[in-house]
Structures are given as structure tokens and as C-alpha cells.
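>>> Structure for the following, please:
(chains A and B)
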Amino acid sequence: MEQEGNREILSVRNLSLYYNPEKPLVAEMNGVIEKGEMVALVGRNGSGKSTLLRTLASIQPIHKGQVFLEHFPLESYSPARLSRLLSFVGTGRTITENISVYEMVSIGRHPYTNWWGKLGDKDKDIIQQAVRFVGMENHMHSRLENLSDGERQRAMIAAALAQDTNLVVLDEPTAFLDVPNKLEIAEVLHRLKNDGRSILFSTHDFETVFNYADKLWVIHENRVIQGAPEDLGIQQVFRELFSMKNILFDEINLRFKRQTEWINPVYVRDGDEISRQWTIRALERCGYRVTDKENDAWATLIIHKEGEKLRWQIYSGDTNIQFHSLYELASFLTKA
Amino acid sequence: MNGSRRYVIQMILLIILLAGLIILDIVAGTVKIPFRDILSFLAGGTDISSQHAVILNSFRIPRMLTALLAGSALSVSGLQMQTLFRNPLAGPYVLGISSGASLGAALVLLGTGAVTTGILANWGIAAAAWAGAAMVMFLLLIVSMRIRSIMTILILGIMFSSGLSAIISIMQYFGSAVALKSFVIWSLGSLGDVSGSSLSVLALTVIPGLILSLVSVKGLNAMMLGEEYAGSLGVNIKSMRILVFFTTSILAGSITAFCGPIGFVGIAVPHISRFFIRRSDLRYLFPATIIMGMVVMLISDIVSQMPGSDRILPVNAITSLIGIPVVIWVILSKRKAFI
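Okay, the predicted model is just below:
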């Protein structure tokens, strides 16, 4: 990897973050972001994600250690020079009335405009491209206060794009958004990455992480664990990171599962793929385990499909009951 | 673009209104001067009685020019502070700059018991008021170097202001009756006491102050979206604060020094301008606020002349009566946004 050193956009060496030296948030972190890489930062609330992002974006001073941006120490850049190399997108909760998407994105051109902020033809082109890039061309002249949270976030990303920096840092860009909006933001970031930019963002959202991130920085007990999301999955990092009483991270299905102590094995027969999967979910939610072996099973569940209608039949010893929905089945199982 | 054409039309309307008010302001007054004479005088004509010419030259035109300077200076300092503090209720009055100036004036008028008429006394009051405004600004500047939270600074400004008012009350309590009267007259505010050399001094401080404040427009535009964001756009937050504090104390300090404390123009006019042009981008809002400030000040002055009557009302009372409803409207109509 040494010969590819020139692809390094950001390099973190022995970085420690602390407000109290006795209790560092992050200790002795090392890490690299390469050109065109999308890095996701995850960790529990209060683990220091925001502090790390703000430090790397030079919003707050480095407590200890070194950060190199495009091969030079972060603190060697003037604010004006830095603003052409690194852009920062907050959670977008700072709203101003009476300002349009176009006007806000044009503020992103500040590092390149004159003292009055006058936009040249090239600036105007870049602003319109940026707004189109995030799919907001129909809202070019809409007011920020009339946009949804997701649209406002996309406008913020457009402003960062207009800033034309190699590294874009985003603090929880998908916070407070619904699932389609989250994925839309993730798609925009993915397009930015394909455009050759490097992206560092913090998130709690595993759909985004596993679908899009090239690399993961996980803050866990003041250490930063790194790797492709899949590498960390094999190392069972998530299971350790999110271990809680009764909750287990399912590394196969990438979801969190309730873990109950009372586990009766159930054998599930028939049904198509979709109805089987949802039936298994319902069983697990009620604290039942699914087994492959009919002989070990506490009960056998048969999924009957008649036309469009589904019917569930459960056998256990002398019991033989039928249900017409998973809701009925689950109510029975939780009472059983 | 459609939006910028609308802006041009709005600005033309505003300038026409301003021109009309300028003429109306010169017409208004206890001595009736024929309208035709005024127009011909303004056009450079000389066929006007010498008495009328003196009234126009020495009183009405300086008064009108003072109104223009005061309106633009107070409004611009209010706009700058509202944007810097991200608070719709910030203004030179709230932050204690006017109170600082009042303390300076009170020290001269109440503390020294000096003769309070004549040019020297006027200059003494002005200089003391200036020093008071600068002192408050300097304190705020020092505090803002140490304290990051802009809200804390705003609250400190309000505390400074209340503290200074308390000191002034004590001085008023112990002041002699004559001194008290001249202080109260000063504190009612007047546009009519500025003429000749003091008008030149006022213009020579306010106009460079307005030009200097133009430099803050780009940085303040970014700061509307948050200080951190502005920082990531390369705006030097500390020097922006110094620039805004410096220009504000020049602008608001000079006006308070020469005209007395004129309240609610600084806080209300930026909102009236926003409501009128419906834009927050300071590159558009800034020129509109300058002209709107002149318009509001001229209206206040015309109303204070009470056309058709011999009496003149204190201008500070008129600006408060215009400004307070605007401030109440702002408080009641704010939903989620700050500015």
C-alpha cells in the first residue's frame, strides 16, 4: 500500500480526544481516508463521534496527536485555504427564513468569490450543477423553511458540493429522516464518492453503512476499530459493540434481535420464501427458535397457501390449532 | 432571473418613496414656505426670500440630512447585530451601546453641572456619549474573545444596559433641576440640534462606517447558517465579530452622541425591510435596510413636527411607537427560524 500513499486525503496519527485527560473519548487513533473513499463513523451516543468529526474538520482544536489533510498538518492551513479542501455539513437544524435553495448553495461558493460574494458565470454553473446533482432542480428557488428535512439536508449537501472540496465531512446527515429519505441521502453521497470525492460521515443507520460505506470507523470504549463493514462483521465487532441484555445483533440478517431465555424450537414447513421469512420473524419475536429438525421441535407449524389466502396450522402434542393471520398466531404463542 | 427583477422594482419603489419623503420633510415645519419655492431652491434657484433660505439652509436641510444619517446608521447596526447574534431582537439599544452613550452624556450634563448651552457643550456631550458607547463595545469585545456562546454575550449586553441605566437613575436622582431638565431633553432625542460643523463630523463618521459595514456582508451571510458552518467556509469568526462591533459602535455611538438615544429603529427596520423584500441574503437586504432606515426616520421626523401645529414632539417617542408594534409582531410571528 506504500506506493499508493499519494491517494491519501486525510491521515490521522496518534490522535487522542479528551476533555478530561483521565477519561479520553478516543485514545491514540490512527486512520486514513483515501481519495474516493466513503468512510462511516459509528459508535454509541456520547462516544465522541461529533468531537472526532469536529476535530478533523478543524472546528475545534486537536487535543493530542496529528492530523494531515492532503499531506500537510491540519493546523498549517489558513481558514480560507482549508475551506477549499474540506467542507462540513451539520445536521441542518439551523434554519433561516426567506432564503432560497439557490441562495444557500451560492453561500457554498464563498471561498471562491470576491469580498461582496459576487457570483461569476462559472459560479452560477457550479451552483446549478450542484442543485441538480442532489436532485433538487425543481426546488431551485424554493425557500428553505418550506422544504422537508430530507430536502433541506440535500440542499446542505449541494452547498458542500459547490464548495468543491476533496473531502466532505457530514455529522449525522441521516438523523431524523425516514427510511426513503435516508436512502436518498446515501445515494447522493454515493454519487459524490463516484465523482472522486472522499466522504466521512457519522451515522447510527446500519442500512446506509452496509449498503454504501467502503470503510467503517467504530468508536468502542475509546478505541477506534477500522475495516470494511464486512470485515468487522466477520470479527463480530457489532455483536460486541451493541451487546446489551436481551438484545443480539444478528450478523446474518443485519438486524437486532430480542434474545429471550425461554426458547422452544419450532419446525416450519411449506409456504413460499416470503411467507416463511415473515413467519420465522413472528416466531422469534415471541421468543421461539426455529429448528431444521422436526424431531427436536416442540411444535410443527405448517403454512398452507390456498389461492391468495394463507393459513397457519400448529401441531404440538395433542394440540392442533389453525390461524388466519400471524397476529392470531403470535397472540396464541405469547399466551402459551 | 425573475427574483432579481422583482428586487430592482422594489428598490425603485423604495427610492421614489424616499425622494417624496425628503421633500415632505423639508416642507414640514412651523414656518410655511411655499412648495414651489422649496422645489426651485432645491434646484439651485435664488428667487426665494432670504429669511426662507436661512430656514432651509440652517434648519430644515441639516435636519433632513441628519434623519438620513441616523436612519441608515441605526438600521445597519441593528441588521449587523441581528445577523451576528442570530437573534431577531438584537440591536444597538438592547446591547447597551445606547446606554453607554447615555451614561457619557449623563456624566457631562448631570455630573459636571456645566453650562449646557453653546457649541462647546454640545461637543462635550457628543464626545462623552461616544466614549460611553465605545466603552460598552470594548467590554463586549473583550467578553466575546473569551466566551464562545453568542447568546451569553447578548444576555451580558442586556445586563450592561440595565446596569448603566441604574447608574444613570442614581445620577438623575442627585442631579440639580436645571441639569436634570437638559439631560431629559437630550434623552428624548432630537434630529434638529445637528447642524454646521457637527453635521460634517456626523457625516464623516457615519458614511465611512456604512462603507466599512459593507465589508461584513459576505461573512455575515455565511454566519446566518451558523458560526461553525461559516468557519468551514473560511470566514474568520473573530475578526468578523471585531469588524461588526467596531462598525456598530461607530454608527450607533455617533448617532446617539449627536441626536440622543433613538430607540427601536435599529431593531425594527431590518424586520420591516425583510418583510418588504422577502429576502434574507444580505447582498439584497443590506441596501434595502439602508434606504428603509432613512424612510422610517423621515416619517418619524415628519410625524414629530405635527404638521399643522406649532409643537414638536420628541422623535424618540415616535420611533418607539413605530418600532414597538414591529417588535411585538416579530415575537408573535416567529415560528421556528431565528432571523
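>>> Let me see the contact set for whatever residue of chain B ends up closest to chain A.
Residue of chain B nearest chain A, by CB to the nearest CB: B:G234 (3.2 Å). In short, each C-beta sits where N, CA and C put it, glycine included. Residues near B:G234 by CB atoms under 8 Å, 6 or more residues apart in numbering or on different chains: A:S78, A:P79, A:A80, A:R81, A:L82, A:S83, A:R84, A:H110, A:P111.
>>> who wins for neighbours among those residues?
When neighbours are counted by other CB atoms under 10 Å in any protein chain shown, A:S83 leads the contacts of B:G234 with 25 neighbours.
>>> one step back: any idea how far the residue of chain B closest to chain A is from A:S58?
Separation of B:G234 from A:S58 (CB to CB, to the nearest Å): 11 Å.
>>> same check, this time on B:I255
39 Å.
>>> Looking at these two, which one has more neighbours?
B:I255 (35 against 22).
>>> where along the stretch 201-336 of chain A do the strands fall?
A:215-220, A:223-227, A:247-250, A:255-258, A:264-269, A:288-291, A:299-306, A:309-316, A:319-323 (DSSP state E, counting those that start in this stretch).
>>> closest to B:G226 out of the ones you listed?
Across those, the minimum distance to B:G226, taken as CB to CB, is reached by strand A:215-220, at 24.6 Å.
>>> In terms of secondary structure, what does that closest one contact?
strand A:26-34, strand A:38-43, strand A:223-227, helix A:229-234, helix A:237-241 (3 or more CB pairs under 8 Å, 6 or more residues apart in numbering or on different chains; DSSP states H and E).
>>> how about the last one: buried residues?
Of the residues in helix A:237-241, those with enough neighbours to count as buried (16 or more other CB atoms under 10 Å in any protein chain shown) are A:V237, A:F238, A:L241.
>>> same deal with the third one?
Buried positions in strand A:223-227, judged by neighbour count with 16+ other CB under 10 Å: A:V224, A:I225, A:Q226.
>>> The residue lying closest to the first one once chain neighbours are set aside and A:P173, how far apart?
By that I understand A:V224. Sequence neighbours aside, A:M29 is the residue nearest to A:V224 in space, at 4.5 Å (criterion: CB to CB, 6 or more residues apart in numbering or on different chains). Distance of A:M29 to A:P173, computed by CB to CB: 22 Å.
>>> Just the buried positions in the longest helix along chain A, please.
Secondary structure assigned by DSSP state H gives helix A:179-194 as the longest helix of chain A. Buried residues in helix A:179-194, counted by 16+ other CB under 10 Å: A:N181, A:K182, A:L183, A:E184, A:I185, A:A186, A:V188, A:L189, A:H190, A:L192, A:K193.
>>> pretty sure the first one is touching A:D149, no?
Yes: checked against CB atoms under 8 Å, the pair A:N181 and A:D149 is within contact range at 7.2 Å.
>>> OK, contacts around A:G271?
With CB under 8 Å, 6+ apart, A:G271 has these contacts: A:T279, A:I303, A:K305, A:L310.
>>> Farthest pair within these?
Longest span within the contacts of A:G271, CB to CB: A:T279 and A:K305, 11.7 Å.
>>> in stretch B:209-217, what counts as buried?
B:G209, B:L210, B:S213, B:L214, B:S216, B:V217.
>>> Show me what it is in contact with.
Applying CB under 8 Å, 6+ apart, the contact partners of stretch B:209-217 are A:115-117, B:72-73, B:76-77, B:80, B:240, B:243-244, B:246-247, B:250-251, B:254, B:282-283, B:286, B:290.
>>> same check, this time on stretch A:182-196
The contact list for stretch A:182-196, computed with CB under 8 Å, 6+ apart, reads A:35-38, A:133-135, A:150, A:153-154, A:157, A:161, A:168, A:170, A:173-174, A:177, A:199, A:201, A:205, A:207-208, A:211-212, A:214.
>>> Verify the stated contact: B:A67 with B:L191.
Yes: counting by CB under 8 Å, B:A67 does reach B:L191; the two are 5.2 Å apart.
>>> hey, what's in contact with both of those two?
With CB under 8 Å, 6+ apart, B:A67 and B:L191 have common neighbours B:M297, B:D301.
>>> follow-up on the earlier one: looking at the contacts of B:G234, spot the one nearest A:V42.
A:L82 (25.8 Å).
>>> Spatially nearest residue to the closest one (excluding sequence neighbours)?
Excluding the flanking residues, the one nearest A:L82 by CB to CB, 6+ apart is A:S58, at 5.9 Å.
>>> List phi and psi for that neighbour.
A:S58 adopts backbone torsions of phi 70, psi 20, taken as degrees, to the nearest 10.
>>> which residues touch it?
A:L74, A:E75, A:Y77, A:L82, A:L86, B:S232.
>>> So what touches the helix-or-strand element of chain A with minimal mean pLDDT?
Counting by mean pLDDT, DSSP states H and E, chain A has its least confident helix or strand at strand A:255-258, which shows a mean of 71. Strand A:255-258 is contacted by residues A:F242, A:N246, A:I247, A:L248, A:F249, A:D250, A:E284, A:R285, A:G287 when judged by CB under 8 Å, 6+ apart.
>>> Just to check, the fifth one is in contact with A:F238?
When you say that, I think you mean A:F249. Yes: between A:F249 and A:F238 there is a contact under CB under 8 Å: 4.5 Å.
>>> where does chain A dip in pLDDT?
A:1-5, A:92-95, A:245, A:251, A:254, A:259-262, A:336 (pLDDT under 70).
>>> Now, of the contacts of stretch B:209-217, which are buried?
Buried members of the contacts of stretch B:209-217, counted by 16+ other CB under 10 Å: A:117, B:72-73, B:76-77, B:80, B:240, B:243-244, B:246-247, B:250-251, B:254, B:282-283, B:286, B:290.
>>> can you list contacts of the helix or strand encompassing B:F41?
Element membership of B:F41 [criterion: DSSP states H and E] is helix B:35-42. Residues outside helix B:35-42 that contact it (CB under 8 Å, 6+ apart): B:I23, B:I26, B:V27, B:D47, B:I48, B:S49, B:H52, B:A53, B:L56.
>>> so which of the contacts of A:G271 is the most crowded?
Neighbour max across the contacts of A:G271 (other CB under 10 Å) = A:T279, 20 neighbours.
>>> and that one, how far is that from A:T91?
Distance from A:T279 to A:T91, by CB to CB: 39 Å.
>>> Same question for B:S239.
With CB to CB as the criterion, B:S239 and A:T91 are 27 Å apart.
>>> Same drill for the two, tell me which one is more crowded.
Set B:S239 next to A:T91 and count neighbours by other CB under 10 Å: A:T91 wins out with 17 against 12.
>>> show me the contacts for that one.
Counting by CB under 8 Å, 6+ apart, A:T91 touches A:D171, A:E172, A:P173, A:A175, A:F176.
>>> Number of residues surrounding the fourth one?
Spelled out, it's A:A175. Using other CB under 10 Å, A:A175 has 16 neighbouring residues.
>>> would you say it is within a strand?
No: using DSSP: H, G, I helix; E, B strand; the rest coil, the assignment for A:A175 is coil, not a strand.
>>> Please see if stretch B:313-327 touches chain A.
No: using CB under 8 Å from any CB of the partner chain, stretch B:313-327 stays clear of chain A, coming no nearer than 15.7 Å.
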